[in-house]
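*Asks:* What would the 3D arrangement of this be:
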Amino acid sequence: MSEFREKTSIVDAKVPEGPLANKWSEHKNHVRLVSPGNKRRIDVIVVGTGLAGASAAASLAEMGYNVKSFCFQDSPRRAHSIAAQGGINAAKNYQNDGDSTYRLFYDTIKGGDYRSREANVYRLAEVSASIIDQCVAQGVPFARDYGGLLDNRSFGGVQVSRTFYARGQTGQQLLLGAYSAMSRMIAKGGIKMYNRHEMLDVVLVDGKARGIIARNLQTGEIERHSAHAVVLATGGYGNVFFLSTNAMGSNVTAAWKAHKKGALFANPCFTQIHPTCIPVSGDHQSKLTLMSESLRNDGRIWVPKKKGDTRKPVDIPEEERDYYLERRYPAFGNLVPRDVASRAAKERCDAGYGVGASKMAVYLDFKDAINRMGEDVVASKYGNLFQMYEKITDENPYKTPMRIYPAVHYTMGGLWVDYNLMSNVEGLFVLGEANFSDHGANRLGASALMQGLADGYFVLPYTIGDYLADDIRTGAISTNSSEFDTAEREVKDRLHQLMNNGGTKPVDYYHKKLGKIMWEQCGMSRNAEGLKQAIADINAIREDFWKNVRVPGTEGELNQELEKAGRVADFIELGALMCQDALDRNESCGGHFREEFQTPEGEALRDDDNYAYVAAWQYQGAGMPAKLHKEELHYENIKMVQRSYK
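*Replies:* Okay, here's the model as predicted:
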C-alpha cells in the first residue's frame, strides 16, 4: 500500500510544553481571552445536541457568545446520548480503592492500546471529577448507597470502581441535565435553536470555517447560516455497518462534509464492537440493541464445554460450563476491555461453542448474583435492562441466562483535532465522538459520556476563546458571498441528482450491501486480502448507487428517504476510507485486529516501531485513495508494553 504513504507529512497537535500534570492548567493560564463585551459580537454555530453539543452550546451561551444550535431530531433531547446506559467515569476515589487521576489516565491509555494522545487523555482524567460535581448540581439523579453517598460500579479494563450511574439510564439523565442548561439559555436568547435541520456542508471563507449550509427537514428549504466559528458535535459513524446499536438517524454526514472540505479524518478504522448486545435474529432487522457493560459486574459469561450443546442453559450443570473470560483472564475476569471480550466471544462461537438458534451467541448468567444478593437487589441495579431484554426476546433473565453477542457500538476514529479541539481547518472545532483524540484504538466503557461532557463543559469554553480573540473586530459574517453561493449550489445539485437519476433500487439496498461488506471484511477481524476486495466492492457500490438509487417524493417537503440517501452516499465513501486505513496499518491494536498480526495466544500484536502514530487522512476525491498524514505518538510518562489482562 505504498501509494498511501507517498509524501506523508507530520501534523502538529499543538500540545503545550511542560510536565504532563501541569499542561492543562498552564495552558488555561496563557490562552487569550475574549471580554464579556466582545463576546456579544461573536457568533458560534454548534451542530449536534448530544452531551458534547448540548454542554458546549449551554456553556458558550452562558459565557455571552451568540450561539446557533442545530439538530436533525425534533428535539435536542432525542440526541443519541440519551441511549447510553451504564455510567460515566470519574477519578473521585469515593470507594477508597486506590483510584486517582493518574490511574484513570493510565487505564484509558492502556485500554486504547497506546494509540491515543497522552496530553489529551490526561486532561480528560483531570477534569473528570468536575463533571460529576457539575451534573449533581444540575440535579442528575445518580445512584446512591444506603447512607446517601454517590455509588460507583466497575466497568471493563479497570480494577477500581469509578463509574457513576443512574440505573441503566445514565445517558438519558445526563442529557436531561445538559438540555436543561440549554433550555435556560434558549429562553434567555443566548441560543437560537434549529430543530429538524441537517447540516449538508461547511462554508470556508479565506480558509476559515465561517458557516454551514443546512436543510430544513420539514420544508426542504436550503438555508445559509454564518458564524465566526463552527463546532461539530455530531457523534460517531457506526451506522456505516448498517446494523449497530446506534440510533437509526446517526450518521457521518456533517463530519464527512468537513472532511471533503479539507479536514483530516483520523484513524477511521478504529471502531468498537461491544461484547454485550442482543444477537441478530434475522435479515428483517434494521438495528441492534445494547445490553449495558455494567451487567458484566454481576453477570458471568459462559458457553457449554460441549460443542453444539442443545440443552437449555438451566439444564447444563456447573462442571460442564466454560467461563472462558474468567479462565483466560483471571485478573480481570468478565471485566476485560470490550475489544478483548468481543474477540473472545467470536472465537468461542467460531469454534462451535455458540448457543441459541443461530449458534452466534454466548450466555450472560445472573444466577450466582441472584443467589448472593437476592433478586430485589439485582432488580434495583439492572431492572430496566432486564425488562428491555425480556420485551425483545420474550425470555426472563432472572430465570434463564441472557444470550449476547458483539455488535458495532462506537467509533474511536473521527476528525483530527489538536490540543485545543480545533481541526486542521481554522475555526472548525470538533467535540465528543466526532473527534478522534481520547480513546486510541479501543474505548473503555463509561468513557464516552465523560469525554462528551469534558469537551463541552470544561475544554472548549477555554480553547475557543483563544481562536475567537482575533475576531472581535471582524463584525458579522455575511452569507451574501461567493463562498456561500458555491456551497449552496453544490448542495442543491447533489439533492437534485439524488431525486432525478431515475433509479430502481431503494436506499436500504445499498446500505445493507455496504454493511455486510464492512462487517465481514472490516469488522471484528480484518486481513489484507479481504480489505483489498472490500475497497473494490465498495467503489463498485458507489458507482451503482449514483446510477440506480431511487428516491421517491420531492425535494421541497419532508422526505426521509432523501435524508437517508444523502447519509448512505457519505457512508459509502467513508467505508472505502476505513478499509484503506485498516489495510495500511499492518499491526493489530485494540479494536483493529489484523489476522496476520497476533500473538500465539490470539491477542492483538502491535508494531510500535512503525505504527505508533495517528493516521490522519486527507480527501483526494471520490474513488481516489486518500493521502496519509501522521501525528507521531510519544509517551513521556508511561511505557508502551504489550497489553495484558491476565
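*Asks:* buried stuff in stretch 533-542?
*Replies:* 534-535, 537-539, 541-542 (16 or more other Cβ atoms under 10 Å). Just so you know, the C-beta spots here come from the backbone N, C-alpha and C atoms, and that holds for glycine as well.
*Asks:* brain fart, stretch 23-40
*Replies:* 23-24, 27, 34, 38-39.
*Asks:* residues contacting the closest residue in space to Asp145 that isn't next to it in sequence?
*Replies:* The shortest distance from Asp145 to any non-neighbouring residue, by Cβ to Cβ, 6 or more residues apart in numbering, is to Asp151 (4.8 Å). Residues near Asp151 by Cβ atoms under 8 Å, 6 or more residues apart in numbering: 142-145, 164-165.
*Asks:* Can you pull out the residues in contact with the strand or helix carrying Leu514?
*Replies:* Element membership of Leu514, judged by DSSP states H and E, is helix 507-522. Helix 507-522 has contacts (Cβ under 8 Å, 6+ apart) with 240-243, 269, 271, 408, 530-531, 533-534, 537-538, 541, 544-545, 549, 551, 561, 564-565, 568, 571-572, 575, 578-579, 582.
*Asks:* cutoff 6 Å now
*Replies:* For helix 507-522, the surrounding residues in contact (Cβ atoms under 6 Å, 6 or more residues apart in numbering) are 240-242, 530-531, 534, 537, 541, 545, 561, 564-565, 568, 572, 575, 578-579, 582.
*Asks:* After it, heading C-terminal, what element do we hit next?
*Replies:* Immediately after helix 507-522, counting by DSSP H and E, sits helix 528-548.
*Asks:* for that next one, packing partners?
*Replies:* Applying 3 or more Cβ pairs under 6 Å, 6 or more residues apart in numbering; DSSP states H and E, we find helix 528-548 packed against helix 507-522, helix 560-584.
*Asks:* Tell me how many other residues surround Phe265.
*Replies:* Burial of Phe265 is recorded as 28 neighbouring residues (other Cβ atoms under 10 Å).
*Asks:* on that earlier part again, drop everything from the buried residues of stretch 23-40 that is not in helices and list the rest.
*Replies:* Using DSSP state H, 23-24, 27, 38-39 are the members of those that sit in helices.
*Asks:* Which one of the buried residues of stretch 23-40 is nearest to Lys359?
*Replies:* Trp24 (49.3 Å; Cβ to Cβ).
*Asks:* Confirm Thr276 sits in a helix?
*Replies:* No. Using DSSP: H, G, I helix; E, B strand; the rest coil, the assignment for Thr276 is strand, not a helix.
*Asks:* Could you tell me how many residues sit around it?
*Replies:* That count, for Thr276 with other Cβ under 10 Å as the rule, works out to 30.
*Asks:* hang on, the earlier thing: can you lay out the buried residues of stretch 23-40 as JSON lines showing pLDDT and distance to Asp315?
*Replies:* Below are these laid out as JSON lines (pLDDT from 0 to 100; distance: Cβ to Cβ, whole Å):
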{"residue": "Lys23", "pLDDT": "98", "distance to Asp315": "58"}
{"residue": "Trp24", "pLDDT": "98", "distance to Asp315": "56"}
{"residue": "His27", "pLDDT": "98", "distance to Asp315": "61"}
{"residue": "Val34", "pLDDT": "98", "distance to Asp315": "68"}
{"residue": "Asn38", "pLDDT": "98", "distance to Asp315": "72"}
{"residue": "Lys39", "pLDDT": "98", "distance to Asp315": "67"}
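*Asks:* and which of the residues you listed is nearest Arg215?
*Replies:* Lys39 (29.4 Å).
*Asks:* surely that closest one meets Tyr65?
*Replies:* Yes. Using Cβ atoms under 6 Å, Lys39 is in contact with Tyr65, at 5.1 Å.
*Asks:* If you drop the residues flanking it in sequence, what lies closest to Ile472?
*Replies:* Asn38 (4.2 Å).
*Asks:* separation between the one you found and Thr474?
*Replies:* According to Cβ to Cβ, to the nearest Å, Asn38 and Thr474 sit 11 Å apart.
*Asks:* Over to Ile316?
*Replies:* Counting by Cβ to Cβ - Ile316 and Thr474 are separated by 70 Å.
*Asks:* who has more neighbours, these two?
*Replies:* Using other Cβ under 10 Å, the more surrounded residue of Ile316 and Thr474 is Ile316, with 19 against 13.
*Asks:* Name the nearest residue to that one, sequence neighbours excluded.
*Replies:* The nearest residue in space to Ile316 (Cβ to Cβ, 6+ apart) is Pro304, at 5.6 Å.
*Asks:* ok so, going back, from the ones in helices among the buried residues of stretch 23-40, pick the one nearest Asp394.
*Replies:* Trp24 (50.2 Å).
*Asks:* my read: the closest one touches Leu124, true?
*Replies:* No. Look at Trp24 against Leu124 with Cβ under 6 Å: they stay out of range, at 9.7 Å.
*Asks:* Mind listing the strands the worst-scoring helix or strand of the chain on mean pLDDT pairs with, and their directions?
*Replies:* Lowest by mean pLDDT, DSSP states H and E among the helices and strands of the chain is strand 9-10, with a mean of 82. According to DSSP bridges, strand 9-10 has the following sheet partners: strand 627-632 (parallel).
*Asks:* Just want the angle from the partner strand to helix 560-584.
*Replies:* With axes from the mean of the first three to the mean of the last three Cα atoms, to 10 degrees defining the directions, strand 627-632 sits at 60 degrees from helix 560-584.
*Asks:* which parts of strand 627-632 are buried?
*Replies:* Within strand 627-632, judged by 16+ other Cβ under 10 Å, the buried ones are 627-631.
*Asks:* same check, this time on stretch 434-448
*Replies:* Residues of stretch 434-448 classed as buried under the neighbour-count rule (16+ other Cβ under 10 Å) are 434-448.
*Asks:* Rank those residues by pLDDT and give me only the lowest.
*Replies:* Within the buried residues of stretch 434-448, the minimum per-residue pLDDT falls on Ser437 (91).
*Asks:* Just the residues contacting stretch 361-379, thanks.
*Replies:* Residues from elsewhere that reach stretch 361-379, judged by Cβ under 6 Å, 6+ apart: 279, 298-303, 313, 345, 354-355, 398, 401-405.
*Asks:* Narrow these to those that are buried.
*Replies:* Using 16+ other Cβ under 10 Å, the buried ones in these are 279, 298-303, 313, 345, 354-355, 401-405.
*Asks:* ok, so of those residues, who is nearest Met248?
*Replies:* For the buried ones among the contacts of stretch 361-379, the nearest to Met248 is Pro279 (19.1 Å; Cβ to Cβ).
*Asks:* SS state for Ala214?
*Replies:* Per three-state DSSP, Ala214 ends up strand.
*Asks:* how close does it get to Phe270?
*Replies:* 29 Å.
*Asks:* more crowded one of the two?
*Replies:* Phe270 (32 against 24).
*Asks:* surely that one meets Asn442?
*Replies:* No. Using Cβ under 6 Å, Phe270 is not in contact with Asn442, being 7.6 Å away.
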